[in-house]
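from the sequence below, what's the structure:
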Amino acid sequence: DAAKASASAAPADSLGDAIFTGRRDAAATLAAELLQTREPLDLIEREIVPALDRVGVGFEAGTVYLPQLLMSAEAAGAAFEEVRKVMRAAGAAATKCKVVLATVRGDIHDIGKNIVHLLLENYGFRVIDLGRDVPPETVLETARREGAPLVGLSALMTTTLPAMAQTVALLHRELPGCRVMVGGAVLTPAYAETIGADAYGRDAMEAVRYAESVFSQLKIHN
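Sure, this is the predicted structure:
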């Protein structure tokens, strides 16, 4: 609509500001410019993720409302697409184990998951990304069919944490050999432990490090 178009076209002082205020076109332009002199991972860790964290904190505190949250997600997605172009051009071949990723049932936010997806691919993992709002049964069926030793679950909203807990419980009951890693703006290490997750991914690089450890264990046992 007109409001979204004007917001997308408005100038922004920084990439973080463009994302926070939902300026999609400005975010894409700024990201493309910054990638000429900065590494993709640096842009993710120092610009995109902090801006999303700021939006998430504001949403939980009631100072950021759903329309801004969604526009910020679009702006981050536009910036991330520029990062994706650069990283995929230099991507690694898939030589490691499969990892199933999903944003849990009821949750429509997937920027963080998408960052994990891209980094895992660039570290040689074969990623099966189920997208957003994924029922526990779908995660289980996919992990079983693909023989994936690791599942990564994401949630941004407190209202969808029960769905994450249900998914973790189902995987552990039906696929006890499969490791489950969880992450997202509303999660804490304590909550991850409470719901029985095998690992808590504080950020995308931590998720990659845990995937590497799972793959290393697989090589030892095989």
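
use CA for all of it now, contacts and neighbours both
OK.

which strands or helices does the longest helix anywhere in the chain pack on?
Ranked by number of residues, the top helix in the chain under DSSP state H is helix 66-89. Identification of packing neighbours for helix 66-89 by 3 or more C-alpha pairs under 8 Å, 6 or more residues apart in numbering; DSSP states H and E yields helix 15-20, helix 24-34, helix 40-43, helix 49-61, helix 111-122.

relative to helix 111-122, how tilted is the fourth one?
When axes from the mean of the first three to the mean of the last three C-alpha atoms, to 10 degrees is applied, the directions of helix 49-61 and helix 111-122 differ by 150 degrees.

returning to that earlier point: nearest to L187, of the helices and strands packed on helix 66-89?
Evaluated over the helices and strands packed on helix 66-89, closeness to L187 peaks at helix 49-61, with 11.4 Å, by C-alpha to C-alpha.

for the closest one, which outside residues touch it?
Applying C-alpha atoms under 8 Å, 6 or more residues apart in numbering, the contact partners of helix 49-61 are 16-17, 19-20, 64-66, 69, 72-73, 76, 112, 156, 185.

tabulate the helices and strands packed on helix 66-89 (JSON lines), appending mean neighbour count, distance to M164 and mean pLDDT.
Formatted as JSON lines, the helices and strands packed on helix 66-89 follow (neighbours: other C-alpha atoms under 10 Å; distance: least, C-alpha to C-alpha, whole Å; pLDDT from 0 to 100):
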{"stretch": "helix 15-20", "mean neighbour count": "26", "distance to M164": "26", "mean pLDDT": "94"}
{"stretch": "helix 24-34", "mean neighbour count": "22", "distance to M164": "30", "mean pLDDT": "95"}
{"stretch": "helix 40-43", "mean neighbour count": "16", "distance to M164": "27", "mean pLDDT": "85"}
{"stretch": "helix 49-61", "mean neighbour count": "18", "distance to M164": "18", "mean pLDDT": "83"}
{"stretch": "helix 111-122", "mean neighbour count": "22", "distance to M164": "14", "mean pLDDT": "84"}
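
so where's the chain shaky on pLDDT?
1-12, 90-94, 222 (pLDDT under 70).

and of the contacts of helix 49-61, the nearest to L170?
Of all the contacts of helix 49-61, L170 sits closest to L156, with 20.3 Å by C-alpha to C-alpha.

unless I'm mixing things up, G177 is touching V151, no?
No: using C-alpha atoms under 8 Å, G177 is not in contact with V151; the gap is 11.0 Å.

in terms of neighbours, single out the busier of these two.
V151 (26 against 12; other C-alpha atoms under 10 Å).

can I assume I111 is in contact with A75?
No: judged on C-alpha under 8 Å, I111 makes no contact with A75 at a distance of 10.2 Å.

and V182, which of the three is it?
Put simply, V182 is strand when judged by DSSP: H, G, I helix; E, B strand; the rest coil.

now the residue most central in space within the chain. Nearest residue, chain neighbours left out?
With distances taken as C-alpha atoms, centre = their mean, the chain has K113 as the residue nearest its mean C-alpha position (1.7 Å). Counting by C-alpha to C-alpha, 6 or more residues apart in numbering, the nearest residue to K113 once its immediate chain neighbours are dropped is S154, at 6.3 Å.

who does the one you found bridge with?
T103, G183 (DSSP bridges).

can you count the residues close to it?
S154 has 30 nearby residues by other C-alpha under 10 Å.

quick check: it vs V208, distance?
S154 sits at a distance of 14 Å from V208 (criterion: C-alpha to C-alpha, to the nearest Å).
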